[in-house]
Structures are given as structure tokens and as C-alpha cells.
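In: This is the structure alone, sequence omitted:
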Ligand SMILES: N[C@@H](CCC(=O)N[C@@H](CS)C(=O)NCC(=O)O)C(=O)O
């Protein structure tokens, strides 16, 4: 019998994204608790991820890191429905995933580090404000897209494109970023976050 897939991380980290994807596809997985304070510093973990960051995934002999890439793999290998059928839609999945990693998450992290992640004496209010302001551009792009799209980013079905974008937007919403100027984003995010698999992952994350 095949070994379960191992996800290294904790729910209160980017590993949340992978737990959500794993729950969506009912993956046979175990969570190996690895935190960002001490877990990532162990040489055993760094042998898996030389970046010394969570999450990582092990599936047989395959080791992967980069949370959004891990989700593409889970969806492509294990996800019935999460991975689109048409090659053009695969292109859109890659586009939304890379957009999330390059256009949305970096500016959102600038806001997050300077609003609540760093200890208060290490936060820069000007960087927090600039981050919050800068986030309006990608959330505006998402708003305009959702105004034209169907229920989800690729149309009528939820795919890993939604999962990857929504798992980053979740962090903004959870930490009280004001999404009221983006009602379509908020409605789509609610739809994504109320999925049973998202609820199971959120229960892990929000209990942590
Ligand atoms: N681009 C990476 C970022 C991973 C990352 O920054 N993980 C954080 C926790 S959410 C971490 O392990 N930080 C430890 C550190 O930077 O020392 C991904 O998406 O997987």
C-alpha cells in the first residue's frame, strides 16, 4: 500500500493552503508539525527544503516546496475537478497562480509584516499603509475579473486557480484587511471559504 503523502508545516502558516488542497481531493496525508521558529531550522527539515521554510511536501521519493506549486501538483495528480480539462484553462491556472505569487502576495506581506506579524517595535506604519494601498491594485484586478467571470475564476467550476488565489486572500480577510471596496471578491471568497474542505482546513487554522 502506498505511503500517505506528508505535509510539513503547521496550519497557522502557508501550509494552510496545502491542507485545504489536500482536504479538497481527500488526499491520504499526514501533517508533520514543523513550525517556522524551530522546525525549519533542523537539518532534517533543511535536507528536504534548503530554503528552511514551510511548507514542504513528500510524496514517495518526490519532495516539493513552494506552497502554490505544491497545490498545482496535488490538484494535477489527485484532484478530480480541481484541475481543469482544457489546456487553455491550464494556462489560466498557471497565470492566476503566478499572479498570486508575484502581484498579490508580496505587497500583502508588506502590509502583514508591518501590521501584525512582526513584533510591534519592528513594524513600520508607513510601510503598512503603503502595503494596504498597494493591495488595492491586485484586488481591483480580481474584482474586475470576477465581474465578468462566472461564479469562479475560470467559469462555473471551482478549480485550483480559485484555491490558490483564495488561500492568499483568506489571510487578508482573516487579518481584517478592508475588502468592502471589492464586493465581488468578498462574495467569491465567501463561496470558496464555505466549501466543506475549506471549512475543515479553517478549523485546523482557526483553532491554532
Ligand atoms: N514562497 C514560499 C514562502 C514560504 C514561507 O515564507 N514560509 C514561512 C512560513 S508561512 C516560513 O517558513 N518562514 C520561516 C523563515 O522565513 O525563517 C511558499 O509559498 O512556500
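Out: Ah, there it is. Computed from a predicted structure; not experimentally measured. Residues are numbered from 1 along each chain as shown.
In: alpha carbons only for contacts and neighbour counts from here, please
Out: OK.
In: ok, the most centrally placed residue in the chain - contacts?
Out: Closest to where the C-alpha atoms of the chain average out (C-alpha atoms, centre = their mean) is residue 167, at 3.5 Å. Going by C-alpha atoms under 8 Å, 6 or more residues apart in numbering, residue 167 touches 16-17.
In: Mind doing that once more with 10 Å?
Out: Residue 167 is in contact with 14, 16-18, 20-21, 68, 100, 189, 192-193, 198, counting by C-alpha atoms under 10 Å, 6 or more residues apart in numbering.
In: ok, which of these also contact the ligand?
Out: Intersecting those with the contacts of the ligand gives 14, 68 (criterion: C-alpha under 6 Å from any ligand atom).
In: Tell me which of the contacts of residue 167 fall in helices.
Out: Within the contacts of residue 167, residues falling in helices by DSSP state H are 16-18, 20-21, 68, 189, 192-193, 198.
In: Tell me which stretches of the chain form helices.
Out: 15-24, 43-48, 67-78, 87-99, 105-112, 125-134, 136-148, 160-174, 183-193, 196-207.
In: Distance to residue 34 and mean pLDDT for these - can I get that in TSV?
Out: TSV is the format used below for the helices of the chain (distance: least, C-alpha to C-alpha, whole Å; pLDDT from 0 to 100):
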stretch	distance to residue 34	mean pLDDT
helix 15-24	10	98
helix 43-48	8	98
helix 67-78	14	98
helix 87-99	25	98
helix 105-112	21	98
helix 125-134	28	98
helix 136-148	31	97
helix 160-174	20	98
helix 183-193	25	98
helix 196-207	14	97
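In: closest one to residue 2 among the ones you listed?
Out: Among the helices of the chain, helix 67-78 comes nearest to residue 2, with 13.6 Å by C-alpha to C-alpha.
In: Quick check: buried residues in the closest one?
Out: Going by neighbour count (16 or more other C-alpha atoms under 10 Å), the buried part of helix 67-78 is 67-72, 74-76, 78.
In: who in this protein is up against the ligand?
Out: By C-alpha under 6 Å from any ligand atom, the residues of the chain that approach the ligand are 13-14, 36, 53-55, 65-68.
In: Show me which of those residues are buried.
Out: 13-14, 53-55, 65-68.
In: Return the subset of the residues you listed lying in strands.
Out: Using DSSP state E, the members of those that fall within strands are residue 65.
In: can I get the buried ones among the residues of the chain next to the ligand in CSV with distance to residue 150?
Out: Below are these laid out as CSV (distance: C-alpha to C-alpha, whole Å):
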residue, distance to residue 150
13, 30
14, 27
53, 36
54, 33
55, 31
65, 31
66, 29
67, 26
68, 23
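In: Could you check how far residue 5 is from the ligand?
Out: Going from residue 5 to the ligand by C-alpha to the nearest ligand atom, to the nearest Å gives 17 Å.
In: ugh, wrong one, I meant residue 90
Out: For residue 90, the distance to the ligand (C-alpha to the nearest ligand atom) stands at 20 Å.
In: Next, the contact list for that residue, please.
Out: Listed by C-alpha under 10 Å, 6+ apart, the contact set of residue 90 reads 76, 83-84, 96, 154, 160-161.
In: ok, now residue 37?
Out: Contacts for residue 37 (C-alpha under 10 Å, 6+ apart) come out as residue 53.
In: mind listing what the closest residue to residue 177 other than its chain neighbours touches?
Out: Among residues not flanking residue 177 along the chain, residue 132 sits closest, at 7.7 Å (C-alpha to C-alpha, 6 or more residues apart in numbering). By C-alpha under 10 Å, 6+ apart, the residues touching residue 132 are 107-112, 115, 126, 172, 177-178.
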